[in-house]
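Asker: quick one, structure for this:
(chains A, B, C, D, E and F)
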There are 4 protein chains.
Amino acid sequence: MMPNAARRSERSRTAILDAVLALLRESGYADLTIEAIASRAGVGKQTIYRWWPGRGAVVLDALVEQAAAAGPQALPDTGDLEADLRVVVRAIVAELADPRLSATTRALTIETLSSEAFADQMRDRMLRPQLDTVKDRLRSAREAGDLRPEVDLDQAVELLIGPMYHRWMMRTGPLTEEYADGIVDLAMAALRPGTAGKPRPGTA
Amino acid sequence: MMPNAARRSERSRTAILDAVLALLRESGYADLTIEAIASRAGVGKQTIYRWWPGRGAVVLDALVEQAAAAGPQALPDTGDLEADLRVVVRAIVAELADPRLSATTRALTIETLSSEAFADQMRDRMLRPQLDTVKDRLRSAREAGDLRPEVDLDQAVELLIGPMYHRWMMRTGPLTEEYADGIVDLAMAALRPGTAGKPRPGTA
Amino acid sequence: MMPNAARRSERSRTAILDAVLALLRESGYADLTIEAIASRAGVGKQTIYRWWPGRGAVVLDALVEQAAAAGPQALPDTGDLEADLRVVVRAIVAELADPRLSATTRALTIETLSSEAFADQMRDRMLRPQLDTVKDRLRSAREAGDLRPEVDLDQAVELLIGPMYHRWMMRTGPLTEEYADGIVDLAMAALRPGTAGKPRPGTA
Amino acid sequence: MMPNAARRSERSRTAILDAVLALLRESGYADLTIEAIASRAGVGKQTIYRWWPGRGAVVLDALVEQAAAAGPQALPDTGDLEADLRVVVRAIVAELADPRLSATTRALTIETLSSEAFADQMRDRMLRPQLDTVKDRLRSAREAGDLRPEVDLDQAVELLIGPMYHRWMMRTGPLTEEYADGIVDLAMAALRPGTAGKPRPGTA
DNA sequence: CCCTAAACGAGACGGTACGTCACGTCTTGGT
DNA sequence: ACCAAGACGTGACGTACCGTCTCGTTTAGGG
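Answerer: Numbers count the residues shown, from 1 in each chain, chains lettered A, B, ... in the order given. Sure thing, here's the model as predicted:
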């Protein structure tokens, strides 16, 4: 019933994942059918269904593989938090602004919205590693006293990331370097210690 | 070639949009086929294809109609910016946390990611009106001196909205009232005047 | 309920019948839809349905009109039966051999096979007049003693006509002048008096 | 592009042809849709379209199969040509007179008139085998001296068959046993040797 | 000569069937 | 045994016409 993973053909596995990346690049997620993958990979459809539950899973594997091949991208830690964040945020904005590069992100997001099971996989295998690099940098900043100690690090990461993705998805504005810097400015204002976290009782 | 809108049957239009809402409620976006809509509405498929280019467009119309029927929801302006924002943000978080309510948002987001044409429609007809209510509140806050005057209002809105949507989509954490308040705290810290905008040269 | 024939638009009637003939000539019976006729004639579909029960009836009217316009074609009566028959048979074979001319016959035959009501109309309004000219010639031949008196004239006509139509429909052989003459030879052998009608009792 | 006939499912093929025959029996050719066949056969539409170009072709196969199953019907050769022909002609007339039996012939004739490709198939696979049995009998009659040697056998066959089909299609008269005998009488008069083939110069 | 009821063009409508596409499963050699 | 190849049942797609049903707009005859 369950296939024997030991006998799995590495040739097929690689051909399939390569085909997925090629087709994503060429035609976009909407035209990415299982039959197209099988045909492009020179593989039987059953060989795909044997090892993956569906389209989303194959795509995720393909992209994780791709990310792994690119090697782990570390975050600079120059001691200057704002400068370091500027680097990441600019990089992400640049990637989202490039239709070629963001096509895969688009695909993953669609699948994430379509399937809870996929969403969990996606989060743990693709997203979390990326977010954690930022989170680690913020943690070291907190230890250095560059961060208000009471802020939740996860929320802080999302404060940086969320607005960019929102603008990218909804096309509510340009994705430029100036925009990236604006994001960092706002985020730094929110995170920098100097400001009283909650001067609520009697401000005005 | 182009159908004559003057002769359009209001009965059919209404039946179709109602059917879409009913089916969305009952079965979700994945099971929402044109044939199911036509059948449920007691309408020929051609009548759908005559007036809408595809599934996404019908759904968008249905939801816009629904939103319009609910009447324009204004934002409170009590004079206390933070309190007012807390109301909206909590409301949005609550809606996203409810699987029933957020199903349609999920559908629209998928369609937005799938089609540029749809994305533009979606932005202008659904999203912008909602974002503008927040933007208006921020503008009045700026005039009241409750906002650093140099912040871009669009970026400020996205600073509030983006993180929530990101967490909702990527399931990176709980969508609770505490979380909503955390968002508002961070955003207020970023926007509140007291803080120097860019104390970059020589941080502390 | 029933339309008032007195108010009927002659312009429309003519345009419709002309459109039928034009479309039959250009595209054949299979592509002859009511919508195509209406569009070509610059007429509303309802105007067709108001005056005719269906496609077959319009086509029949169009072809009857066409035949009437061509005027009544008489059969020669030179006194030489065989020669006279040769003229008709050759003419019919020539018409059937021409794809252009036989297209309408093809259309009528299809409709005849499809609808009994149409078959009766077709027989009485198109076919009978043609067959009767042959039958009349045979009758005068009988009176002249050129025909075995006991043969049934209807069967005799069909003996001439039937084989041609069969070969035309089923494409069992060429439709040439030699073939036409062969038909006439056989038929004359069957009809000519000299032969004993039924020499059955003791022939061999 | 072309399906691999070796992998074809015999089960499906049989179910489809059986469904065609059943539906033809029950509802006639006009109601015989591909969807009805697929549904009745418990088969996907694509399985029909994979192996046949259209409705006519499936029907032809079904009827050829049916005819083959019934076994090859030979023609009697009692030595008495007229008696033997009377048997076939009466049988054909009887079949044409029965609306149930002739419905399929009607269907095939419509399709034959509609498509040249079908016409060729129809002729070679259904009609020719039937006509050849008659032709064979006539050939043996010629060798026995019961036939004028100069008559073309194909024309002779059509002389027998054509009139019947014409009367059946055009409903120009009753299809009775008397009629069948009349056909045979006329045909025998045309074919029997005693008569001079062409006494044309100087008739009498 | 005008008025009004009809017939008209246009085409939207609820349907049915079309022929195609991709799904996920099943089957058949081949290696 | 796993594989490529691809046939299979399923179901939705978007299109073409069906015959019916409004819509204004001619248009022709009876007052």
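
Asker: find the residue closest to the residue nearest the centre of chain A in space, skipping its chain neighbours.
Answerer: Nearest residue to the geometric centre of chain A (Cα atoms, centre = their mean): A:Leu127, 4.5 Å. In space, and not counting its chain neighbours, A:Leu127 is closest to B:Met170: 5.7 Å by Cβ to Cβ, 6 or more residues apart in numbering or on different chains. The way it works is simple: take the backbone N, C-alpha and C, and place the C-beta from them, glycine included.

Asker: and for that neighbour, the neighbour number?
Answerer: By the criterion of other Cβ atoms under 10 Å in any protein chain shown, B:Met170 has 23 neighbours.

Asker: lowest confidence element among the helices and strands of chain A?
Answerer: Within chain A, no helix or strand scores below helix A:99-114, which has a mean of 85 by mean pLDDT, DSSP states H and E.

Asker: tell me the buried residues in that one?
Answerer: By neighbour count on 16 or more other Cβ atoms under 10 Å in any protein chain shown, the buried set for helix A:99-114 is A:102-114.

Asker: then stretch A:32-44?
Answerer: A:Leu32, A:Ile37, A:Ala38, A:Arg40, A:Ala41, A:Val43.

Asker: hey, C-alpha coordinates of it in CSV?
Answerer: C-alpha atoms of stretch A:32-44 as CSV (Å, rounded to 0.1, in the frame of the first residue of the first chain):
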residue,chain,number,x,y,z
LEU,A,32,0.9,24.2,-13.7
THR,A,33,-1.0,20.9,-14.0
ILE,A,34,0.1,17.5,-12.9
GLU,A,35,-0.1,16.3,-16.5
ALA,A,36,2.1,19.1,-17.6
ILE,A,37,4.7,18.3,-14.9
ALA,A,38,4.6,14.6,-15.7
SER,A,39,5.0,15.2,-19.4
ARG,A,40,7.8,17.8,-19.0
ALA,A,41,9.6,15.5,-16.6
GLY,A,42,9.2,12.5,-18.8
VAL,A,43,7.5,10.7,-15.9
GLY,A,44,4.3,8.8,-15.4
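
Asker: quick one, helices of chain A?
Answerer: Along chain A, counting by DSSP state H, helices occupy A:10-27, A:34-41, A:45-51, A:55-69, A:81-97, A:99-114, A:116-122, A:128-143, A:153-170, A:177-191.

Asker: tilt between the first one and helix A:99-114?
Answerer: Note on geometry: by axes from the mean of the first three to the mean of the last three Cα atoms, to 10 degrees, helix A:10-27 and helix A:99-114 are set 110 degrees apart in direction.

Asker: from the contact counts, what lies against helix A:10-27?
Answerer: Counting contacts by 3 or more Cβ pairs under 8 Å, 6 or more residues apart in numbering or on different chains; DSSP states H and E, helix A:10-27 packs against helix A:34-41, helix A:45-51, helix A:55-69, helix A:99-114.

Asker: hmm, the first one touching DNA strand E?
Answerer: Pointing back at helix A:34-41 there. Yes. Helix A:34-41 lies within reach of DNA strand E by Cβ under 7 Å from any atom of the strand, at A:Ile34, A:Glu35, A:Ala36.

Asker: related to what we said a few turns ago, which members of the buried residues of helix A:99-114 additionally contact chain D?
Answerer: Taking Cβ under 8 Å from any Cβ of the partner chain as the test, chain D is in contact with none of these.

Asker: so can I have a markdown table of those residues showing distance to chain C?
Answerer: Formatted as a markdown table, the buried residues of helix A:99-114 follow (distance: Cβ to the nearest Cβ, whole Å):
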| residue | distance to chain C |
| --- | --- |
| A:Ser102 | 46 |
| A:Ala103 | 43 |
| A:Thr104 | 46 |
| A:Thr105 | 47 |
| A:Arg106 | 42 |
| A:Ala107 | 42 |
| A:Leu108 | 47 |
| A:Thr109 | 45 |
| A:Ile110 | 40 |
| A:Glu111 | 43 |
| A:Thr112 | 47 |
| A:Leu113 | 42 |
| A:Ser114 | 41 |
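
Asker: nearest to DNA strand E, of these?
Answerer: For the buried residues of helix A:99-114, the closest approach to DNA strand E (Cβ to the nearest atom of the strand) belongs to A:Ser114, at 11.2 Å.

Asker: quick revisit: can I get the helices and strands packed on helix A:10-27 in JSON lines including distance to C:Met2?
Answerer: JSON lines is the format used below for the helices and strands packed on helix A:10-27 (distance: least, Cβ to Cβ, whole Å):
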{"stretch": "helix A:34-41", "distance to C:Met2": "57"}
{"stretch": "helix A:45-51", "distance to C:Met2": "61"}
{"stretch": "helix A:55-69", "distance to C:Met2": "61"}
{"stretch": "helix A:99-114", "distance to C:Met2": "58"}
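
Asker: what about the closest residue to A:Leu175 other than its chain neighbours, distance to A:Val89?
Answerer: Sequence neighbours aside, A:Ala97 is the residue nearest to A:Leu175 in space, at 4.0 Å (criterion: Cβ to Cβ, 6+ apart). As judged by Cβ to Cβ, to the nearest Å, A:Ala97 and A:Val89 stand 12 Å apart.

Asker: which of those two has more neighbours?
Answerer: A:Val89 (23 against 17).

Asker: what's the pLDDT at whichever residue of chain A sits closest to chain D?
Answerer: Using Cβ to the nearest Cβ, A:Ser39 is the residue of chain A that sits closest to chain D, at 13.0 Å. On pLDDT, A:Ser39 comes in at 95.

Asker: could you do A:Ala30 as well?
Answerer: 82.

Asker: with A:Met2 instead?
Answerer: A:Met2 is given a pLDDT of 63.

Asker: surely A:Leu96 is in contact with A:Trp168?
Answerer: Yes. In terms of Cβ atoms under 8 Å, A:Leu96 counts as a neighbour of A:Trp168; the distance is 4.3 Å.

Asker: what do the two both touch?
Answerer: Taking Cβ atoms under 8 Å, 6 or more residues apart in numbering or on different chains as the contact rule, A:Leu96 and A:Trp168 both touch A:Ser102, A:Leu175.

Asker: so these two - more neighbours on which side?
Answerer: Per other Cβ under 10 Å, whichever of A:Leu96 and A:Trp168 has more neighbours is A:Trp168, with 22 against 19.

Asker: that older thread, residues in contact with the residue nearest to A:Leu175?
Answerer: A:Trp168, A:Leu175, A:Thr176.

Asker: cool, A:Pro193 as well?
Answerer: Contacts of A:Pro193 (Cβ under 8 Å, 6+ apart): A:Gly145, A:Asp146, A:Leu147, A:Arg148, A:Pro149, B:Ala204.

Asker: tell me who's in contact with A:Arg142.
Answerer: By Cβ under 8 Å, 6+ apart, the contact set of A:Arg142 is A:Pro149, A:Leu153.

Asker: again, 10 Å this time
Answerer: A:Leu81, A:Arg148, A:Pro149, A:Glu150, A:Val151, A:Leu153, A:Ala156, A:Leu191, A:Pro193 (Cβ atoms under 10 Å, 6 or more residues apart in numbering or on different chains).

Asker: quick revisit: and of the contacts of A:Ala97, the nearest to C:Glu65?
Answerer: A:Trp168 (67.7 Å; Cβ to Cβ).

Asker: how close does that closest one sit to B:Trp52?
Answerer: Taking Cβ to Cβ, one finds A:Trp168 at 26 Å from B:Trp52.

Asker: likewise A:Gly182?
Answerer: In terms of Cβ to Cβ, A:Gly182 sits 37 Å off from B:Trp52.

Asker: neighbour count winner among those two?
Answerer: A:Gly182 (20 against 17).
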